[in-house]
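Asks: build me a structure from this.
(one chain, ligands or ions: 2)
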Amino acid sequence: MNMQKPILSIRGLRKSFGDHVVLQNIDFEVQPSQVVVIIGPSGSGKSTFLRCCNGLEQPDSGRVEICGHTLSEAGQMLGDQPLNHLREQVGMVFQSFNLFPHLSVIDNITVGPRKVRAVSRAQANSEAMVLLNKVGLAEKAHAMPASLSGGQKQRVAIARALAMQPQVMLFDEPTSALDPELVGEVLQVMKLLASEGMTMMVVTHEMDFAREVGDIVVVMDGGVLIEAGPPDIIFTNPTQPRTRDFLRAVLNRA
Ligand code: ADP
Ligand code: MG
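Replies: Numbers count the residues shown, from 1 in each chain. Ligands and ions are numbered 1, 2, ... in the order given. Just a heads-up that it's a prediction; the model follows:
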């Protein structure tokens, strides 16, 4: 039994765009060091769910608490300043790497800490080298993003997010834009973070990763969290027919 306070707690989350209800009735908690893998068909609301968790989207109703703060409640968001502060504790990695093209790898990683955490250049550089070692790219510290492969760019993006010393990391299809041979190197880094105890929420179609690394697999469909459970159960004996259909479609494609 886990008696720690959850890092993320969602109650009655609802989000719509105009008339289109994209998320509804979402209740969910993430405990420290848990790895939650979110799966489900395209358009089911996975990205919007993650974006509600770090304040990139404003829910219509419900409550989102993250890292001990109420991010939004009953359609009200935290103010800009505390919101920005909270976002520093929530790392996010997207499908598109969003590196600054005019900055070297190491400058991409140090720009955030130097601005926001007010660490010296020397300190930021030495922290960045530790992170580059962790993602296996120490020798690329002074390379420009354009010279890197997609897998390398994504590993830099992960290092950049980690440089803010987040309490939780959100990944939105981090390997979906990569050539197949580059997927493994990114998943490897994510696996390492998980083994070090990082709390993670990962939207992915990589079912082997979900099985191997996920503590909980969450299945979304049509804006609803249709089931959640340990990978053993979800992959072998899901209760929802829609989960079965989705898994059949994804696993047959592989
Ligand atoms: P997923 O990540 O599971 O593919 P999304 O969260 O991206 O799903 O999208 C869920 C639904 O919300 C989709 O129907 C999508 O078209 C819609 N949607 C997402 N973002 C917006 C937006 N900014 N404005 C209007 N509709 C949106
Ligand atoms: Mg998405």
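Asks: give me the pLDDT for the closest residue to ligand 2 within the chain.
Replies: Relative to ligand 2, the nearest point of the chain is S47 (3.2 Å; Cβ to the ion). (Glycine included, C-beta is placed from N, CA and C.) For S47, the model assigns a pLDDT of 98.
Asks: test my guess that it contacts V203.
Replies: Yes. Using Cβ atoms under 8 Å, S47 makes contact with V203 at a distance of 6.8 Å.
Asks: these two: who's more crowded?
Replies: V203 (23 against 19; other Cβ atoms under 10 Å).
Asks: the more buried one pairs with what?
Replies: I38, D172 (DSSP bridges).
Asks: that one against M169, yeah?
Replies: No. The criterion here is Cβ under 8 Å, and V203 misses it with M169 at 12.0 Å.
Asks: need the contact list for I106.
Replies: 125, 128-129, 132, 141-142 (Cβ atoms under 8 Å, 6 or more residues apart in numbering).
Asks: quick one: pLDDT of the residue of the chain most remote from its centre?
Replies: Largest separation from the mean C-alpha position in the chain: A122, at 28.6 Å (Cα atoms, centre = their mean). On pLDDT, A122 comes in at 95.
Asks: other residues contacting stretch 76-83?
Replies: 55, 58, 69-72, 86.
Asks: please disregard the earlier target; I meant stretch 31-41.
Replies: So stretch 31-41 is contacted by 2, 4-7, 30, 46, 49-50, 194, 197-205, 207, 209-210, 213-221, 226, 231, 246, 250 (Cβ under 8 Å, 6+ apart).
Asks: which of those fall in strands?
Replies: Judged by DSSP state E, the subset of the contacts of stretch 31-41 located in strands is 30, 199-203, 216-221, 226.
Asks: which one of those residues is nearest to F17?
Replies: Comparing the ones in strands among the contacts of stretch 31-41 against F17 with Cβ to Cβ places M220 closest, at 16.2 Å.
Asks: wait, the closest one touches T48, no?
Replies: No. In this structure, M220 is not within contact of T48 by Cβ under 8 Å, at 9.7 Å.
Asks: okay, these two: which has more neighbours?
Replies: Each of M220 and T48 has its neighbours counted (other Cβ under 10 Å); M220 has more, 25 against 21.
Asks: please name the nearest non-neighbouring residue to that one.
Replies: G40 (3.6 Å; Cβ to Cβ, 6 or more residues apart in numbering).
Asks: before we move on, what about L192?
Replies: K134 (6.9 Å).
Asks: for S44, give its distance to E88.
Replies: 29 Å (Cβ to Cβ, to the nearest Å).
Asks: what residues does the stretch 1-150 of the chain put near ligand 2?
Replies: 46-47 (Cβ under 5 Å from the ion).
Asks: ok so, going back, between S44 and E88, tell me which one has more neighbours.
Replies: S44 (24 against 16).
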